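In: need a structure here:
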Amino acid sequence: MYKFEHPEFVWLLLLVPATLMLFALYRLWQKRAQDRFGELLPTMAWGVNRTRPFFKTFLVIAAFGFLALSLMNLKVGTKMETVKRKGIDVVFALDVSKSMLAEDVAPNRLQKAKFLTGKIIDNLKGDRLGLIIYAGSAYPLLPITTDYGTAKLKLDLASPDLVPSMGTALGDVLKFSQQFYNDESQKNRLLVILSDGEDHEESWEQEAAQLKEQGVQVVTIGIGTSKGGPIPLKDSRGNIKGYKKDYNNEVVVTKRDASTLSEIAKSTDGIYIDGNDAVAAIDELTAKIEGMEKTEFEAQQISDYQDQFQWFLGVALFLLILDVFIGEKKTFWMEKIGLKK
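Out: Prediction:
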């Protein structure tokens, strides 16, 4: 088992192909400029190795890539152990319907919901968690686990593309979650629904009542504004090419339905939270989780994680040192290893 201690540095790796592309464009421009000199260039550039700059540039870019990997600090787990923990079971149900792409909250409703979920996961202390995504139907994204790192990776993948049926069926996610909890001995369970509250089925009362009988409290977090906004249609580059329209060719305006979300929460003795205020929403839900009675359970987890950054750092330093010893001009020892031109 492995994990990165600082995955936020992954964006540095994107600079590697970008730099390679810029260097390729520069060399293309340089070649065209050199072609203008014709036969005069070999005389002017006597003793200069033409391929070596490519090699030196490759070394520097590769070294930068390995440095980025060392900053991310790969950790490898070497042993599985059983530990006793105390907590509750928290299942996050994320609405990934098209209406969650509305941008009445920045950057859009879905990204705001994913941000809130990620921050709440960071605040969990010993609790188990699961992930559900839903639109017209509900689907499991991650079974109940104590692996918070995997949960956040799965959360990043949540999108409307993962759910074949569109629409929003709050009743379906309530029904699906009834079979999602896998430990009957766990008395305190929480279902956290992050949604704009639009419901195309309007039948959730029976499912909510059954959840309450099972001891599951529902916390609903409303995302979006009461004024609402259109649903953008974007191309592959992320540029808006229009907005979703109804059968009358009118632009659809989707609004947050806080009343439905509040009624669902109230029917299970849960609470409704306004998700537009991120800090307040995170604090309120974290306090709710911490205030619930914890149950002791056993969990399997990887232990003895060992840092591996030193290997990447060592390769990076080696490449940089090698670059220092490689000059621009031809040398006898470089000719011996095949870099003659």
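In: neighbours of Glu290, just the number please.
Out: 14 (other C-beta atoms under 10 Å). For glycine as for every other residue, the C-beta is placed from the backbone atoms N, C-alpha and C.
In: what's the burial count for the residue lying closest to it once chain neighbours are set aside?
Out: Leaving aside its sequence neighbours, Glu290 sits nearest to Lys125 (C-beta to C-beta, 6 or more residues apart in numbering; 7.5 Å). Counted by other C-beta under 10 Å, the residues lying close to Lys125 total 11.
In: Three-state assignment for Lys125, please.
Out: Using DSSP: H, G, I helix; E, B strand; the rest coil, the structure places Lys125 in coil.
In: can you pull out the strands in the stretch 101-250 of the chain?
Out: For the stretch 101-250 of the chain, the strands defined by DSSP state E, counting those that start in this stretch cover 128-134, 138-145, 189-195, 216-222, 229-230, 232-234, 240-243.
In: Serialize those to JSON lines and add fields for distance to Glu205, mean pLDDT and mean neighbour count.
Out: Below are those laid out as JSON lines (distance: least, C-beta to C-beta, whole Å; pLDDT from 0 to 100; neighbours: other C-beta atoms under 10 Å):
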{"stretch": "strand 128-134", "distance to Glu205": "18", "mean pLDDT": "94", "mean neighbour count": "24"}
{"stretch": "strand 138-145", "distance to Glu205": "17", "mean pLDDT": "92", "mean neighbour count": "18"}
{"stretch": "strand 189-195", "distance to Glu205": "15", "mean pLDDT": "96", "mean neighbour count": "26"}
{"stretch": "strand 216-222", "distance to Glu205": "12", "mean pLDDT": "96", "mean neighbour count": "25"}
{"stretch": "strand 229-230", "distance to Glu205": "29", "mean pLDDT": "94", "mean neighbour count": "20"}
{"stretch": "strand 232-234", "distance to Glu205": "33", "mean pLDDT": "89", "mean neighbour count": "14"}
{"stretch": "strand 240-243", "distance to Glu205": "33", "mean pLDDT": "90", "mean neighbour count": "12"}
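In: CA atoms only for the helix or strand where Ile321 lies, dumped as CSV, please.
Out: In the assignment (DSSP states H and E), Ile321 maps to helix 309-325. Extracted C-alpha coordinates of helix 309-325, given in CSV (Å, rounded to 0.1, in the frame of the first residue of the first chain):
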residue,chain,number,x,y,z
PHE,A,309,11.3,10.7,-1.1
GLN,A,310,15.1,10.2,-0.7
TRP,A,311,15.2,7.9,-3.8
PHE,A,312,13.6,10.5,-6.0
LEU,A,313,15.8,13.2,-4.5
GLY,A,314,18.9,11.1,-5.1
VAL,A,315,18.1,10.6,-8.8
ALA,A,316,17.4,14.4,-9.2
LEU,A,317,20.8,15.3,-7.7
PHE,A,318,22.6,12.7,-9.8
LEU,A,319,21.0,14.1,-13.0
LEU,A,320,21.9,17.7,-12.0
ILE,A,321,25.5,16.7,-11.2
LEU,A,322,25.7,14.9,-14.6
ASP,A,323,24.5,18.0,-16.3
VAL,A,324,27.3,20.0,-14.7
PHE,A,325,29.9,17.7,-16.1
